[in-house]
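In: What follows is a predicted protein model with its sequence.
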Amino acid sequence: MKVLMALSGGVDSSVAAAELISDGHEVVGITMRLWGGESDTGCCSIADVDDARRVAQQLDIDHLVFNFTDDFNTHVVDPYVQAHRNGLTPNPCIECNRHLKFDRLSERADLLGFDAVATGHHARVVQHDGAWFVARGADPAKDQSYVVHMLPQRELARTLFPIGHMTKTQVREKATALGLRTAAKPDSQDVCFITDGGGRVAFLGSRIPFRSAQVVDAVDGSALGEVDALEMVTLGQRRGIGLAGGGPKRYVVGIDHASATVTVGDESLLLCDSIAVRNVVWAHQPVVGAMAVQCSAHGAAQSGHLAQAGDQIVVTWDSAQRRVAPGQSVVFYDASNTYVLGGGIAV
């Protein structure tokens, strides 16, 4: 089978390519050049493109570099900035997967005559009742099914996750055994287009005006302080909200952009019985009823019930859960918490 392999310059995609070759596939590596600005981490940096090229040389496969900077700006960076302006907490990595690493990759695969596409995500693709689904990877600590939950049937049918059956330790051991230059390379943890030196404040501050906001107590409404940038505040935040130390722990429990007010209080005020989810996409068909629901890339799934409410899905938790920041992805798994049924964006 002719496979277009997304090489990010990291150890996971390097070993994924090696696994495909070992399985007898005809493999061509592709690296996406996504960000034209300054970057020092993740798959947007020049160093990662170079690492991908050298791994392709080590594996003796062809390597292509596609420039998708305009698409990346349109579908990832600009929405990221606008979301912060509107008081949302976005997940740019998921949007990059949705629009670039699968949608655009798939288009190129069609154009160039490939049978399948592959990435180094820690996830699996399985069949159940005649349909395809993303399933959790073998390593619970590295599972990435949450960030690739949006794949439709057509893409799932021809997407390969060659290291989904491996633990991270096994991936590094395989890379070391093969002598790959990425064997000991650290995992990228941050948003790739935001530099370590400047951070989110510098990145967003150069693109949108920041507004100061008053910080008030949730119980009596008394003024407690002020934040310089309302657009940088997110639900559940505890640090960086302009409060003096030494008192009881206070968390952001409410954000009112119209009045430029941040409300803080006890962590218990963050608990809720249900959440609404918009822009829901399904792996196969809409599902309601009992299932597992995950609300962050590194959080554990919790049990709840799904119900349709107009054009949204309402999740009612079996036990009260911490509120989800609007803009974050909410992903639905089957009741056994094994494979993805669908997902959307928290309201």
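Out: Right, received. Where do you want to start? These numbers were taken from a predicted model, which means no experiment stands behind them.
In: what about the strands in the stretch 151-300 of the chain?
Out: With DSSP state E, counting those that start in this stretch as the criterion, the stretch 151-300 of the chain has strands at 159-160, 213-217, 223-227, 251-256, 261-265, 271-282, 289-294.
In: Give me the next element, helix or strand, following the helix or strand containing residue 58.
Out: In this structure, residue 58 sits in helix 46-59 according to DSSP states H and E. Next along the chain after helix 46-59, taking DSSP H and E as the criterion, comes strand 62-67.
In: helices or strands up against that following strand?
Out: In terms of contacts (3 or more C-beta pairs under 8 Å, 6 or more residues apart in numbering; DSSP states H and E), strand 62-67 is packed against strand 26-33, helix 46-59. To be clear about C-beta, it is placed using only N, CA and C from the backbone, and glycine gets the same treatment.
In: what distance separates that strand from the middle of the whole chain?
Out: Offset of strand 62-67 from its chain centre (C-alpha atoms, centre = their mean, to the nearest Å): 23 Å.
In: between it and strand 26-33, how big is the angle?
Out: Here the directions of strand 62-67 and strand 26-33 differ by 30 degrees (axes from the mean of the first three to the mean of the last three C-alpha atoms, to 10 degrees).
In: buried ones in strand 62-67?
Out: The neighbour-count check on strand 62-67 (16 or more other C-beta atoms under 10 Å) flags residue 63 as buried.
In: got it, and stretch 210-222?
Out: 210, 213-216.
In: So what touches that stretch?
Out: Contact with stretch 210-222 is made by 204, 223-233, 241-243, 253-254, 260-266, 269, as judged by C-beta atoms under 8 Å, 6 or more residues apart in numbering.
In: For burial, what's the neighbour tally of the nearest residue to residue 19 once chain neighbours are set aside?
Out: Among residues not flanking residue 19 along the chain, residue 162 sits closest, at 3.9 Å (C-beta to C-beta, 6 or more residues apart in numbering). The tally of other residues near residue 162 (other C-beta atoms under 10 Å) stands at 26.
In: same check, this time on residue 1
Out: Residue 1: 13 neighbours (other C-beta under 10 Å).
In: list the contacts for the residue lying closest to residue 168 once chain neighbours are set aside?
Out: Closest residue in space to residue 168, ignoring its immediate chain neighbours: residue 142 at 4.8 Å, by C-beta to C-beta, 6+ apart. By C-beta under 8 Å, 6+ apart, residue 142 lies in contact with 122, 167-168.
In: Let me see the confidence value for residue 142.
Out: Looking at residue 142, its pLDDT is 96.
In: Of the buried residues of stretch 210-222, which pair is most distant in space?
Out: For the buried residues of stretch 210-222, the farthest-apart pair by C-beta to C-beta is 210 and 216; their separation is 19.0 Å.
In: How about the secondary structure of residue 304?
Out: strand (DSSP: H, G, I helix; E, B strand; the rest coil).
In: Kindly state the beta-bridge partners for it.
Out: Beta-bridge pairing for residue 304 (DSSP bridges): residue 291, residue 317.
In: What mean pLDDT does stretch 319-336 get?
Out: Averaging pLDDT along stretch 319-336 gives 97.
In: List the buried residues for that stretch?
Out: For stretch 319-336, burial by neighbour count (16+ other C-beta under 10 Å) applies to 321-334.
In: Please apply the same query to stretch 222-235.
Out: 224, 227, 229-235.
In: re earlier: for the helix holding residue 58, packing partners?
Out: Under the contact criterion of 3+ C-beta pairs under 8 Å, 6+ apart, helix 46-59 touches helix 11-22, strand 26-33, strand 62-67.
In: Packed most tightly, which of these would that be?
Out: helix 11-22 (a mean of 24; mean count of other C-beta atoms under 10 Å).
In: Show me the domain layout of this protein.
Out: 2-120+162-178, 210-265, 271-346 (automatic domain parsing).
In: so how far is the first residue of the last one from its last?
Out: Terminal residues of domain 271-346 lie 15 Å apart, using C-alpha to C-alpha, to the nearest Å.
In: what do you get for the second one?
Out: Its first and final residues considered, domain 210-265 spans 24 Å by C-alpha to C-alpha.
In: And it, how far out from the chain middle?
Out: Remark: domain 210-265 is offset 26 Å from the chain centroid, using C-alpha atoms, centre = their mean.
In: Could you do the last one as well?
Out: In this view, domain 271-346 has its centroid 16 Å away from the chain centroid, taken as C-alpha atoms, centre = their mean.
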